[in-house]
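> dropping the sequence and predicted coords here.
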Amino acid sequence: MANYRNKGGVAVIELNNPPVNALSFEVRSGLMNALKRAHDDKDVKCIVIHGKGKNFSAGADIKEFGGTKQQKPWITDACRLADESSKPVVAAIAGTALGGGLEVALFCHYRIGTPSCRVGFPEVQIGVLPGAGGTQRLPRLIGVKHSIDMITSGRHVMAEEALKLGILDKIVTDDIIEEGIQFAKSVVGIDVGGRILRNRKVEDAGSKVFDDEISRVKKKYKGYIAPLFCLKAIQASMQLPYDAGMEQELKLFQQLVSSGQAKAQQYTFFAERISARWQLPSGANSQTASPLPVKTAGVIGAGTMGAGIALCLITSGIPTVLVEQDQKFLEKGVKTVEGDLRGSVALKKMTAEQANKAISVLKTSVNLEDLHDVDLVIEAVYENLALKKEIFAKLDKICKSKTILCTNTSSLDIDTIAEATKRRDKVVGTHFFAPAYIMKLQENVYGKDTSAETVATVMALGKRIRKVPVLVGTCDSFVANRMLHPYATEALFLVEEGASPYEVDQALEDFGMPMGMFRVSDLSGLDIGYKVRKEAAKRRGIELTSDTRFVNGERVCLLANVLVEKGRLGIKSGKGWYNYGSPGKREATPDPEVLDTIEEYCRKYDIKKRKISSQEILERMQLAMINEGFKILEEGIVSKPEDIDIIWIYGFGWPKYMGGPMFYANEMKLKNVYRKIRDFHQNYPFSIHWTPSKLLARLSETDLPISKWTSLINSNSKL
Ligand SMILES: CC(C)(COP(=O)(O)OP(=O)(O)OC[C@H]1O[C@@H](n2cnc3c(N)ncnc32)[C@H](O)[C@@H]1OP(=O)(O)O)[C@@H](O)C(=O)NCCC(=O)NCCSC(=O)C[C@@H](O)CCCCCCCCCCCCC(=O)O
């Protein structure tokens, strides 16, 4: 709703829908009534609109999209009176004015804001466009070029920049409501005509600008339709009179809001927030547990991962000690950190001053003892259980009793590592993804003794260092890599059966993955997987050779080993599944030598090749991984499907407009997913990953949407 009061001739209207004052039906109706009241009240000389609490408004209530039609009044109906009022209307902005919130402010004649306020049109991120005049009014205020930037990127603009652009008229330092009232009083008597945006003209930026922008946007936001629709709407502001432009904007908004992409992106928005609400099997959860303060941190290992993690910490203002056993390796790590900081400055992602500030809080050492006083340590040495146990035993003795000990393992057992210490409650996995400074996912892994306080601390740390933290339980390879295994295995089987690695990658990239499986393998280095496979097999008492095609009755494909044995290690050696010309180069070209190797391999084992469609490639890789996802849910390794989707979106770049693999399965209908998995199980009996998940089987008998799966799993009711 919206509250109304008359303060000495100033109508003060408060948008009231905590926590972010989303513009629900009640708020829109309240705002419309309040504006009418202010208009009719002869005592009122001017009007101030502000938000209750910390925010002005985060825009339309996203929960109202989809399903039934938006009830009138819409934002435009509610705000028309502000536009038409002869009494000056001032938007007093604290916190955020986003989307529809900013649109309300653009209907006002003036906008003032606090120094920490932010404005923006983030609609593209939820698959729509500013549909209450934003695409028509912003260009009339700040011009076409800046509007394109703001609307197609969805970025938040800070107060200083908003003032420079002309979105804000003034930055105020005191109480925003009082400042709003004073400002409004100061403009009483000044004709508002020139302040009404609908009356302004949009400068003709020419059609070439839009042709160039379409190419840029297609490249930068590959696969997303909303940014292209935004461009069409902005172009309409330039080509059409205001009312016709508004109609065009609404038409485009309606097309987008009913699209599959909007549904998936809005699901992702809420999934991220649902996933942040964690729960341990004990029942302790994000509401009941409090994090410990992390004022200082330590990182062990200055290799690519360790240096990347240290960079995340120092750029978030956390003084960090980077420890490496060897001075030469330490220096190399510091060079990596400095190089990445320079790169960020060059790309204008941070200022030179911010980079210097970050490096000033980095200390280095070759002595573990220097971690005696830090609040949290992240160990990032290579994947070797004995070594990690040895380090944890030492840390347990060196660090103060409250220090939390984290391991950046991608697969090793947290409980076994914790056993090396006398503080098993303070041991936790923090699995970062390469490159650690760029990839957003932080897969936090709890062991059987990890305390809720420890979990709360690493979840809070993740948020603080701008990651997306997700909590998972311990199992072999955790969630991300465990699901990756059947996905990658199917890719190899597809190649054995007749698809080329390039066809596999093309199908995945056309689907929207940033990189195909084989390009990713080349980037990580084929020798890494080779060593992991050999060691895992050795632990199970198996000797792998390139002739191995079955292990304990299960089908395997070791084509990657054949490539490694030919010296093809991926990008680092200049060739892997692709040819890169020379080591370290990134441009991948298909390589006939690889195709010959595959031919030879198939001849040797008498494998009949056939034509494989891109649909089959996607179904086999994705359904194998989705089936594993249901097994993970069934085992309680994650507590909700949203966790899995967020892991795939932020860990592997699954496109947000497809919502994550579990959402994708939901969209396919679980009965179809289950039927296909059962068919694959029949056709490929030697692949254990096709054994259908029992949870999937039970859920497929219901027609429940993804939002209902968790309560059913938790209620233990008969599905
Ligand atoms: C604002 C934030 C930056 C705050 O971040 P913070 O980290 O502080 O907090 P949280 O993100 O955790 O949020 C707290 C809480 O609030 C919920 N929430 C946040 N924003 C919204 C919202 N906009 N709507 C609903 N709920 C919201 C969030 O889920 C949390 O809840 P929880 O239960 O988890 O605690 C940050 O929250 C943020 O970035 N928010 C999103 C901002 C955004 O994307 N805004 C744009 C919204 S879309 C919009 O405004 C569209 C308008 O331009 C135009 C609308 C025109 C409509 C015209 C009607 C035509 C009808 C056509 C036919 C329709 C057919 C149909 O309906 O199908």
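Ah, there it is.
> how about the residues of the chain that lie near the ligand?
The chain comes close to the ligand at residues 19-20, 22, 58-63, 65-66, 69-70, 74-75, 96, 98-100, 103, 122-123, 126, 128, 130-132, 134, 253-254, 257-258, 270, 273, as judged by Cβ under 6 Å from any ligand atom. Backbone N, C-alpha and C define where each C-beta goes, glycine included.
> give me the buried entries from these.
Buried members of the residues of the chain next to the ligand, counted by 16 or more other Cβ atoms under 10 Å: 20, 22, 58-62, 65, 70, 74-75, 96, 98-100, 103, 122-123, 126, 128, 130-132, 134, 253, 257.
> next, the buried residues of stretch 2-21.
2, 4, 9-17, 20-21.
> CA atoms only: put it into PDB for me.
Presented in PDB, the C-alpha positions along stretch 2-21 are these (Å, rounded to 0.1, in the frame of the first residue of the first chain):
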ATOM      1  CA  ALA A   2       1.000   3.700   0.100                       C
ATOM      2  CA  ASN A   3       0.700   6.000   3.100                       C
ATOM      3  CA  TYR A   4      -0.400   9.600   2.800                       C
ATOM      4  CA  ARG A   5       0.200  12.600   5.100                       C
ATOM      5  CA  ASN A   6       0.000  16.300   4.600                       C
ATOM      6  CA  LYS A   7       3.000  17.900   6.200                       C
ATOM      7  CA  GLY A   8       2.500  21.700   6.200                       C
ATOM      8  CA  GLY A   9       1.300  21.800   2.600                       C
ATOM      9  CA  VAL A  10       3.600  19.000   1.400                       C
ATOM     10  CA  ALA A  11       1.900  15.800   0.500                       C
ATOM     11  CA  VAL A  12       4.200  13.000   1.600                       C
ATOM     12  CA  ILE A  13       3.500   9.700   0.000                       C
ATOM     13  CA  GLU A  14       5.200   6.600   1.300                       C
ATOM     14  CA  LEU A  15       5.500   3.400  -0.700                       C
ATOM     15  CA  ASN A  16       4.900   0.700   1.900                       C
ATOM     16  CA  ASN A  17       5.600  -2.900   1.000                       C
ATOM     17  CA  PRO A  18       8.700  -4.100   3.000                       C
ATOM     18  CA  PRO A  19      11.400  -5.200   2.500                       C
ATOM     19  CA  VAL A  20      11.900  -3.700  -1.000                       C
ATOM     20  CA  ASN A  21       8.600  -1.900  -1.600                       C
END
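> taking the stretch 351-500 of the chain, what residue is nearest to the ligand?
Closest contact between the stretch 351-500 of the chain and the ligand, by Cβ to the nearest ligand atom, is at Lys463 (8.7 Å).
> wait, what's in contact with that residue?
Listed by Cβ atoms under 8 Å, 6 or more residues apart in numbering, the contact set of Lys463 reads Ala276, Pro469.
> so is it in a helix, a strand, or just coil?
Three-state assignment for Lys463 (DSSP: H, G, I helix; E, B strand; the rest coil): helix.
> for the stretch 1-150 of the chain, what spans make up the strands?
2-7, 10-15, 46-51, 89-93, 96-98, 110-113, 118-120 (DSSP state E, counting those that start in this stretch).
> with mean pLDDT as added columns, please give those strands in CSV.
Listed next are the strands of the stretch 1-150 of the chain as CSV, based on pLDDT from 0 to 100:
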stretch, mean pLDDT
strand 2-7, 96
strand 10-15, 98
strand 46-51, 98
strand 89-93, 98
strand 96-98, 98
strand 110-113, 98
strand 118-120, 98
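> and the ones you listed as TSV, adding distance to Leu197?
Output for the strands of the stretch 1-150 of the chain, formatted as TSV (distance: least, Cβ to Cβ, whole Å):
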stretch	distance to Leu197
strand 2-7	22
strand 10-15	19
strand 46-51	15
strand 89-93	12
strand 96-98	15
strand 110-113	11
strand 118-120	15
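> list the contacts for Trp648?
By Cβ under 8 Å, 6+ apart, the residues touching Trp648 are Ala480, Met483, Trp654, Gly660, Pro661.
> now with 10 Å, please.
441, 479-480, 483-484, 487, 513, 625, 629, 654-655, 658-664 (Cβ atoms under 10 Å, 6 or more residues apart in numbering).
> swap in Lys222?
Glu509, Gly512, Pro514, Pro655.
> now swap in Ala105 and tell me
49, 56-57, 79, 82, 89-93, 97, 111-113, 119, 137, 167-168.
> if we use 8 Å, what do you get?
Contacts of Ala105 were listed using Cβ under 8 Å, 6+ apart, and they are Ile49, Phe56, Ala91, Ile93, Ala97, Arg111, Val119.
> which among those gets closest to Asn356?
Closest to Asn356 out of those is Val119 (29.1 Å), distances taken as Cβ to Cβ.
> pretty sure the closest one sits against Glu160.
No - Val119 is beyond contact range of Glu160, at 11.6 Å (criterion: Cβ atoms under 8 Å).
> please say which of those two ends up with more neighbours.
Ranked by neighbour count (other Cβ atoms under 10 Å), Val119 and Glu160 place Val119 first, with 27 against 11.
> who's in contact with the more buried one?
Contacts here follow Cβ under 8 Å, 6+ apart; on that basis Val119 touches Ile93, Thr96, Ala97, Leu98, Leu102, Ala105, Gly113, His156, Val157, Ala162, Ile167, Leu168.
> closest one of the residues you listed to Leu492?
Among these, His156 lies closest to Leu492 (Cβ to Cβ), at 42.9 Å.
> now the closest one, which residues is it bridged with?
Beta bridges link His156 to Gly120, judged by DSSP bridges.
> Glu619: which element?
Taking DSSP states H and E as the criterion, Glu619 maps to helix 614-634.
> beyond that helix, next helix or strand please.
For helix 614-634, the following helix or strand on the C-terminal side (DSSP H and E) is helix 641-652.
> run the angle between that following helix and helix 614-634 for me.
Angle between the axes of helix 641-652 and helix 614-634 is 130 degrees (criterion: axes from the mean of the first three to the mean of the last three Cα atoms, to 10 degrees).
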